[in-house]
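**Q** Okay, here's the prediction I keep looking at, along with the sequence it came from:
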Amino acid sequence: MNLQKKTLRRRTFLKGLGIAASGLALRPFASLGQQPILIGSVIPLSGALASFGPRFQVAAQLALDEVNAAGGVLGRRVELIVRDSGTNPAQGVAAATDLVNVNRVQVIFGAAASGVTIPISSVTVPAGVVLISPSATSPAITNLNDNDLVFRTAPPDTLQGIVLADLAFNTKRYRRIAIIARNDAYGAGLAQATADNFRKLGGQVTAIALYERDVTDFSAQIAQARGGNPDAISLITFDEGEALITQMVRAGATNFDLLVDGNKNQDLIDRLVRSIGTAPLEGKGGTAPALAPGAGGDAFAKAYKTRLNEDPFVFTPHSFDALAIVCLAIQRAGDYNGLKIRDNLRVVANPPGDVFTVGQLRQALDAVKANRDINYEGASGSVDLDRAGEPVGPVGTWTIRNGKIVELEVYQCTAGDPPTCKKP
């Protein structure tokens with residue numbers, strides 16, 4: 001895979017990571033004779049989410065830069081050991097196994113896809129290692145038998161399904177929809193959540209057409225989705241959405257709409273524009289977990305754009321927040337130990353306590369050292385972790401205009417049984 005062409009130019013990416021050729025940033029810690037705290041990272045640098053991984057790494061590094069500028073954690077520098085998941089369960093499991101058994105990490109940041117995160121948990125949970133994903137949104141993760149060791153900073157797709165159904169029924173006025181989705185924990189889970197909520201609103205789901213990860217010919221799924229004559233066809237995909245949409249347009253199926261976080265990717269839209277032009281994409285829209293309005297979101301957006309000269313990418317706020325709460329939890333635990341970190345994540349992320357956000361991690365670490373209660377409020381929202389280790393965060397809507405992704409409204413979601421999401 002050529003990352004220079006598909007995602008970020010190498011020089012821009014290295015700048016985003018804050019990597020200096022001289023390595024001078026390591027010297028203040030090395031002089032103390034302390035080994036760095038190594039946090040594992042299993043993120044996609046290749047495969048169907050190759051555009052996501054490098055940006056997640058940059059956002060995570062922004063948090064670590066702020067922590068290390070404050071003296072690190074437990075007096076030690078904090079560093080990421082990055083492994084490529086390939087957006088592939090087997091490769092992700094192999095990477096996690098190496099990080100746990102060879103590097104002895106106590107925390108792994110990742111994976112991006114739910115269909116990789118869940119298999120990785122079979123490695124991390126028995127080892128007592130915390131697994132924290134910024135973007136694995138499948139509802140299946142909520143009830144994992146994980147000894148409370150699997151966390152995420154992105155809200156589950158039970159919330160995105162509510163918003164996507166509302167967008168379809170109440171905003172776009174569709175009454176009959178079909179869904180084409182990946183046949184994995186993410187795609188099938190979000191498809192079902194969307195279908196259930198659309199039916200509750202009074203709509204009809206004419207088909208749910210699932211496809212396997214390695215499919216390149218989508219003619220069967222397109223035919224199944226079109227068969228019930230729906231008003232719109234929702235697409236729940238990763239980068240394979242490029243081939244799917246191209247094939248749909250060539251087949252005359254231009255009523256694709258109701259896109260999701262997996263295809264909220266300007267790189268993907270740019271490739272589609274080159275393939276099919278802007279007209280078939282105009283006005284198409286979707287949903288994705290959103291940047292939180294307020295001081296934390298604003299501070300992150302400014303820092304991220306300074307590094308990469310682009311607006312925050314989907315799930316990059318959640319990546320920053322994952323590393324922030326992990327570092328705060330390690331400091332409060334007083335030890336780099338997975339079980340102790342687990343026991344302190346909610347303590348630093350949830351109320352009660354003094355509120356700290358992006359740009360205030362030095363003050364937050366000082367407060368923890370002084371045994372004060374803290375409540376981290378992040379770039380992505382409150383990051384209050386419930387019993388399942390996941391937050392209830394905002395979900396935004398977006399559209400495509402002249403080949404560019406444009407942000408629309410942000411729904412504020414509230415925990416409950418069932419949870420609710422409402423427009424501002």
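**A** The structure has been received and is ready for your questions. Residues are numbered from 1 along each chain as shown.
**Q** spatially speaking, which residue is in the middle of the protein?
**A** S135 (2.2 Å; C-alpha atoms, centre = their mean).
**Q** ok, that one touching T316?
**A** No - checked against C-beta atoms under 8 Å, the pair S135 and T316 is beyond contact range at 9.4 Å. Glycine gets a C-beta too; all of them are placed from N, C-alpha and C.
**Q** Quickly list what's touching both of these two.
**A** F56 (C-beta atoms under 8 Å, 6 or more residues apart in numbering).
**Q** Could you list the low-pLDDT ranges of the protein?
**A** Applying pLDDT under 70 to the chain flags residues 1-33.
**Q** And the strands in the stretch 51-200 of the chain?
**A** Along the stretch 51-200 of the chain, counting by DSSP state E, counting those that start in this stretch, strands occupy 78-84, 107-110, 130-133, 150-152, 176-182.
**Q** Distance to R307 and mean neighbour count added to these, as a markdown table?
**A** Converted to a markdown table, those look like this (distance: least, C-beta to C-beta, whole Å; neighbours: other C-beta atoms under 10 Å):
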| stretch | distance to R307 | mean neighbour count |
| --- | --- | --- |
| strand 78-84 | 15 | 20 |
| strand 107-110 | 18 | 30 |
| strand 130-133 | 22 | 30 |
| strand 150-152 | 24 | 26 |
| strand 176-182 | 30 | 25 |
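**Q** the longest strand in this protein is where?
**A** Criterion DSSP state E: the longest strand present in the chain is strand 404-414.
**Q** List the neighbours of that one that are in contact with it.
**A** Under C-beta under 8 Å, 6+ apart, the answer for strand 404-414 is 155, 159, 162-163, 166, 264, 266, 269, 285, 290, 293, 392-400, 419-424.
**Q** let's go with 7 Å and repeat that
**A** Contacts with strand 404-414, where a contact means C-beta atoms under 7 Å, 6 or more residues apart in numbering, come from 155, 159, 163, 264, 266, 269, 290, 293, 392-399, 419-424.
**Q** Equivalent analysis for stretch 277-284, please.
**A** 249, 254, 256-257, 259, 269, 272-273, 399-403.
**Q** Inside helices: which ones of these?
**A** 249, 269, 272-273 (DSSP state H).
**Q** just checking, T153 touches E390?
**A** No - assessed by C-beta atoms under 7 Å, T153 is found out of contact with E390, at 8.1 Å.
**Q** Settle it for me: which of these two has more neighbours?
**A** Neighbour tally, T153 and E390, criterion other C-beta atoms under 10 Å: the higher count belongs to T153, 33 against 24.
**Q** Next, the contact list for the more buried one, please.
**A** Counting by C-beta under 7 Å, 6+ apart, T153 has contacts 132, 134, 318, 321-322, 380, 383, 391.
**Q** Check E212 too.
**A** N183.
**Q** what do you get for the one 3 residues further on?
**A** By C-beta under 7 Å, 6+ apart, the contact list for V215 is empty.
**Q** can you map out the strands along the stretch 301-424 of the chain?
**A** For the stretch 301-424 of the chain, the strands defined by DSSP E, counting those that start in this stretch occupy 354-356, 374-376, 395-401, 404-414, 420-422.
**Q** Relative to N147, which of these is closest?
**A** Smallest distance to N147 across the strands of the stretch 301-424 of the chain (C-beta to C-beta): 23.2 Å, for strand 374-376.
**Q** Pull the residues that contact the closest one.
**A** With C-beta under 7 Å, 6+ apart as the criterion, strand 374-376 contacts 324-325, 328, 348-356, 364, 367-368, 383.
**Q** Need the max-distance pair from those.
**A** Going by C-beta to C-beta, the pair spanning the contacts of strand 374-376 furthest: A324 and P352, at 18.5 Å.
**Q** More neighbours: which of those two?
**A** A324 (31 against 8).
**Q** any idea what sits nearest the more buried one, other than its immediate chain neighbours?
**A** A63 (4.7 Å; C-beta to C-beta, 6 or more residues apart in numbering).
**Q** separation between the one you found and R307?
**A** 12 Å (C-beta to C-beta, to the nearest Å).
**Q** who has more neighbours, these two?
**A** Taking other C-beta under 10 Å, A63 and R307 do not tie; A63 has more neighbours (25 against 20).
**Q** Roughly how far does that one sit from D261?
**A** 21 Å.
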